[in-house]
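A.B. asks: turn this into a model:
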Amino acid sequence: MPVASGFSPVDRLTPVQPVNLDPDTTQTSSDSVQKSVHPSVQDSVLKSVHNSAQKSVYNSTQKSVRTSVGDNPHGVFSADLQCEACHTSESWVPAREPMDFDHSSMTRFALIGRHQTVSCESCHTQLVFSEPVISGDGCETCHVDVHEGAFSETCSDCHDTISFSSVDGVMIHQRTSFQLLGAHAAVSCESCHDGQADGHFVIEDTECFACHEDDYVAAESFDHAGRGVSTRCEDCHTMFSWEDAFYEHAVVSGGFELLGAHDQADCASCHTPDMGLV
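C.D. replies: A predicted model of the protein is given here:
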């Protein structure tokens, strides 16, 4: 931990010895008090800590030895937060585990989900913790927008703090210009967005044929390509099933309208290989 504001952390301090002072006594640092608290620390180190200009007054009690306001390298905290909430007298680093510090109740940013398990340094890259490290929604402070502005700037519109991958894709998709209806709501995202770079989901061509060309060519019960059927899938099909076709026979057959008994006949009774109508 670097030196800041005249505060010189020592990595080899012995446990603090209680000082016989009234808990409310404010004591000017003296050699006797200093040595009673840190008996094994060199005099030069003690003087560098306790005799700094304008920082010579310390509150020495049996509960805590706390520096004066402004002497904390982490910034100004609540008066109730003592050094020993996070540190021990044996070593400044590593910090006490667990710390006697509740980030959710003592700061303006509650730690929820995965935020509870990340290291402090992941967000606090400097020692001054009293200054906010996030702004607004805050996500972009730490997280790169892999969508490159294609979606909302508010990550929480789609993501939660549990995991970036724990999203309701169907619910989110309904807010786009292409709502997922019928069978589309049951397919995997990769079925349509396969081959796109991570985070890039925009499809320029939303026509059915753009995704279903293979189905059009491979159709066996009715040779779409051979018959020159329109590539507007929605002319005959719905989003719920390929099987439930509702085409107008006169349109796709070149003018042969189904009337009378023809309207009730099964398609396969006429559309056979022998008749060349498949």
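A.B. asks: quick one, domains of this protein?
C.D. replies: Following automatic domain parsing, one finds the domains of the chain at 1-72, 208-275.
A.B. asks: weakest of these in terms of mean pLDDT?
C.D. replies: Within the domains of the chain, the stretch with the lowest mean pLDDT is domain 1-72, showing a mean of 44.
A.B. asks: residue 158 contacts residue 152, doesn't it?
C.D. replies: Yes. If you go by CB atoms under 8 Å, residue 158 and residue 152 touch, sitting 7.2 Å apart. All C-beta spots, glycine's among them, are computed from the backbone N, C-alpha and C.
A.B. asks: what is the burial count for residue 163?
C.D. replies: Using other CB atoms under 10 Å, residue 163 has 10 neighbouring residues.
A.B. asks: is it located within a helix, as I assumed?
C.D. replies: No. Assessed with DSSP: H, G, I helix; E, B strand; the rest coil, residue 163 is coil; it does not lie in a helix.
A.B. asks: A helix includes residue 190, no?
C.D. replies: Yes. When classified by three-state DSSP, residue 190 is found to be part of a helix.
A.B. asks: the residue nearest to residue 181 when sequence neighbours are not counted and residue 156: what is the separation?
C.D. replies: Nearest non-adjacent residue to residue 181, counting by CB to CB, 6 or more residues apart in numbering: residue 239, 4.7 Å away. Here residue 239 is placed at a distance of 30 Å from residue 156 (CB to CB, to the nearest Å).
A.B. asks: who's more crowded, the two?
C.D. replies: Under the neighbour definition other CB under 10 Å, residue 239 and residue 156 were set side by side, and residue 239 has more, 15 against 11.
A.B. asks: end to end, how far does stretch 106-123 reach?
C.D. replies: From its first residue to its last, stretch 106-123 covers 16 Å (CA to CA, to the nearest Å).
A.B. asks: buried stuff in that stretch?
C.D. replies: 115, 123 (16 or more other CB atoms under 10 Å).
A.B. asks: from here on, call the first residue 790.
C.D. replies: Let's use 790 as the start, then, which means that last one is stretch 895-912.
A.B. asks: for that stretch, give the mean pLDDT please.
C.D. replies: Rounded mean pLDDT across stretch 895-912 is 84.
A.B. asks: show the contacting residues for residue 998.
C.D. replies: By CB atoms under 8 Å, 6 or more residues apart in numbering, the contact set of residue 998 is 1005, 1020, 1021, 1022.
A.B. asks: for the stretch 840-989 of the chain, just list every one of the strands.
C.D. replies: Per DSSP state E, counting those that start in this stretch, the stretch 840-989 of the chain carries strands over the ranges 846-849, 854-855.
A.B. asks: rewinding a little: comparing residue 947 and residue 941, which residue is more hemmed in?
C.D. replies: Between residue 947 and residue 941, residue 947 has the larger neighbour count (other CB under 10 Å), namely 16 against 13.
A.B. asks: could you measure that one against residue 861, distance?
C.D. replies: Note on residue 947: its distance to residue 861, by CB to CB, is 39 Å.
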